[in-house]
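> sharing a model prediction with you, sequence too.
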Amino acid sequence: MLTKQEFLSKVTPLTPQPTKIRPGGTLNHKIECVLFDVYGTLLISASGDIGVAKKESENTWKLEPLLRKFGISQPPASLLNDFFAAIQNEHQNLRKAGTAHPEIRIEEIWKQILNIKTLDRAKAFAIEFEMIANPVYPMPHLSEMLHACRQKKILLGIISNAQFYTPLLMKWFLDCDLTELGLDPELMIFSYQHHQAKPSLSLFRLAVAQLKKKRIPEKAVIYLGNDMLNDIYPAHAVGFNTALFAGDARSLRLREKDSRCENVSPDLIITELLQILGYL
């Protein structure tokens, strides 16, 4: 597994690509909890989301040093074909078992197709592959925003499509554990842990159940995400206030042709993370 120093040495800074959408909106309730999406909201994603590397990627040649490092002789293009086929097969199996929006565990996929004996080695490969396939970088003012929320005694959490490395990358970027920044462990809900991906309502209902234990009603919660279908639609469906993050053109997903989003509008539109503070 990469060390933090090795990881940071491989990181290429990214900056958001502005959109033409203007911020605004109103809230009718006092907010006690903010829940976040990660990719495209808290982290800039070069591809716009997690898990969207393409078989036809122009950067397949960048995989060659990684394959040599792990002693893999398979050509990158062939490897990617096997990778996407394995993901598709697992998705089909989960759908047959009744999961409408399935999520895989990426380390298990790599362990299978590379015939790696241990999950630790599969994880080591997975995190370096992800850095090549989908570079990420903190959204401007991320740490400052989280610190300010904590000072306001706002409960914080995450509901995100993610893999095992997602919280690790955030920890390395922010130079501290997420709980030290005020994120509640019981409200950090990642898709890979539940074999369910957004826009599944089940992940949001898990958050509702945890918040009820803390005596926080849905109307006192706001969810911030960049995707009208994966974020705003399910958050609205469970009764949360919603904020659409429109701060990066790469990741903004308006889903204007999706019927599920036709009658759903965000309560707020945010184009910089610090703007959320004005509503808390």
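That came in fine, so what should we check first?
> quick one: the helices in the stretch 1-150 of the chain?
Applying DSSP state H, counting those that start in this stretch to the stretch 1-150 of the chain gives helices spanning 4-10, 63-69, 76-96, 106-114, 119-133, 142-151.
> could you look up the next helix or strand downstream of the last one?
Next along the chain after helix 142-151, taking DSSP states H and E as the criterion, comes strand 155-160.
> for stretch 219-238, measure first residue to last.
End-to-end distance of stretch 219-238: 10 Å, with C-alpha to C-alpha, to the nearest Å as the criterion.
> show the average pLDDT along that stretch.
The predicted model assigns stretch 219-238 a mean pLDDT of 98.
> stretch 74-90 now?
The model assigns stretch 74-90 a mean pLDDT of 93.
> name the residues that touch that stretch?
53, 55, 57, 60-61, 63-64, 67, 72, 102, 104, 109-110, 112-113 (C-beta atoms under 8 Å, 6 or more residues apart in numbering). Yep, even glycine has a C-beta here, placed from its N, CA and C like the rest.
> what do you get if the cut-off is 6 Å, keeping everything else the same?
55, 60, 63, 104, 109, 112-113 (C-beta atoms under 6 Å, 6 or more residues apart in numbering).
> list the buried residues of that stretch.
76, 79-80, 83, 86-87, 90 (16 or more other C-beta atoms under 10 Å).
> now stretch 179-194
181-184, 187-192.
> for the residues you listed, which one is nearest Leu203?
Ile189 (5.3 Å; C-beta to C-beta).
> mind checking what secondary structure the closest one has?
Assigned with DSSP: H, G, I helix; E, B strand; the rest coil, Ile189 falls in the strand class.
> what do you get for the one 10 residues further on?
Under the three-state scheme (three-state DSSP), the conformation of Pro199 reads as coil.
> tell me the least confident of the buried residues of stretch 179-194?
Scoring the buried residues of stretch 179-194 by pLDDT puts Leu181 last, at 87.
> thinking that one is in contact with Glu144, fair?
No: if you go by C-beta atoms under 6 Å, Leu181 and Glu144 don't touch, sitting 10.7 Å apart.
> that older thread, now the helices of the stretch 1-150 of the chain as CSV including distance to Lys30?
Shown next, in CSV, are these (distance: least, C-beta to C-beta, whole Å):
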stretch, distance to Lys30
helix 4-10, 38
helix 63-69, 49
helix 76-96, 39
helix 106-114, 39
helix 119-133, 38
helix 142-151, 14
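> out of these, which is closest to Leu229?
Nearest of these (C-beta to C-beta): helix 76-96, 17.4 Å.
> ok, of the helices of the stretch 1-150 of the chain, where does mean pLDDT dip lowest?
helix 4-10 (a mean of 89).
> buried set for that helix?
Those would be Phe7, for helix 4-10 by 16+ other C-beta under 10 Å.
> now the residue nearest to Leu114 when sequence neighbours are not counted: how far from Ile113?
Leaving aside its sequence neighbours, Leu114 sits nearest to Ile72 (C-beta to C-beta, 6 or more residues apart in numbering; 6.3 Å). Distance of Ile72 to Ile113, computed by C-beta to C-beta, to the nearest Å: 10 Å.
> do the same with Arg105
13 Å.
> equivalent analysis for Gln163, please.
For Gln163, the distance to Ile113 - C-beta to C-beta - is 16 Å.
> all set, thanks.
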